[in-house]
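> Sequence and predicted structure below; questions after.
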Amino acid sequence: MADRMVLLVFSGSYDKLVGMSVLVSGAVALDMEVDIYLMLWGAYAFKKDTIGKDMEISEHQSLAEKLKKGMEKAGLKPWFESLKELKKMGTVRIHACGAAAKTWDADLSNLEFVDDIVGATEMVSALSEAKIALFI
């Protein structure tokens, strides 16, 4: 069995989601399996009607435009474009928390890239079994 990285994503801020996609790219390059579990704001960021539309960042909001330009200059793709490619390149599974999905009136039909909806027990179990487990 391949090594596994599990990311528990609570944040929906653009900068943290970019960081998440960079970590996923590193794991895919190392042939690791990746499971991403979306909690409250993470699930919101993956809704089809909101994905990629919010440039809210977690810190220094006044630098949002500079961040966007700097990322373009660095050749960094938007986090959702990177994830789309990474799901094709490696084993990347994305799961939404059932409570978060209910909060946003979301299901698999209106969540982008999400493979399934799971409960807290599955998330905790995955975190406990992973070689690398991170909270974003």
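Received the coordinates, thanks.

> just checking, what's the longest helix in this structure?
With secondary structure taken from DSSP state H, the chain has its longest helix at helix 14-29.

> mind saving the C-alpha coords of the lowest-mean-pLDDT helix or strand in the chain as CSV?
Every helix and strand in the chain was compared by mean pLDDT, DSSP states H and E; the lowest is helix 64-73, with a mean of 85. The C-alpha trace of helix 64-73 is given here as CSV (Å, rounded to 0.1, in the frame of the first residue of the first chain):
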residue,chain,number,x,y,z
ALA,A,64,-5.2,40.2,-2.1
GLU,A,65,-4.5,41.8,-5.5
LYS,A,66,-0.8,41.7,-5.1
LEU,A,67,-1.0,38.1,-4.1
LYS,A,68,-3.0,37.3,-7.2
LYS,A,69,-0.5,39.1,-9.5
GLY,A,70,2.5,37.4,-7.7
MET,A,71,1.0,34.0,-8.1
GLU,A,72,0.5,34.6,-11.8
LYS,A,73,4.1,35.8,-12.1
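
> and the angle for it with helix 14-29?
20 degrees (axes from the mean of the first three to the mean of the last three CA atoms, to 10 degrees).

> Check which helices and strands helix 64-73 sits against.
For helix 64-73, the packing partners by 3 or more CB pairs under 8 Å, 6 or more residues apart in numbering; DSSP states H and E come out as helix 14-29. Just so you know, the C-beta spots here come from the backbone N, C-alpha and C atoms, and that holds for glycine as well.

> go again using 7 Å as the cut-off
Using 3 or more CB pairs under 7 Å, 6 or more residues apart in numbering; DSSP states H and E as the contact test, no helix or strand touches helix 64-73.

> quick one: buried residues of it?
Buried residues in helix 64-73, counted by 16 or more other CB atoms under 10 Å: 67, 71.

> Cool, thanks, talk later.
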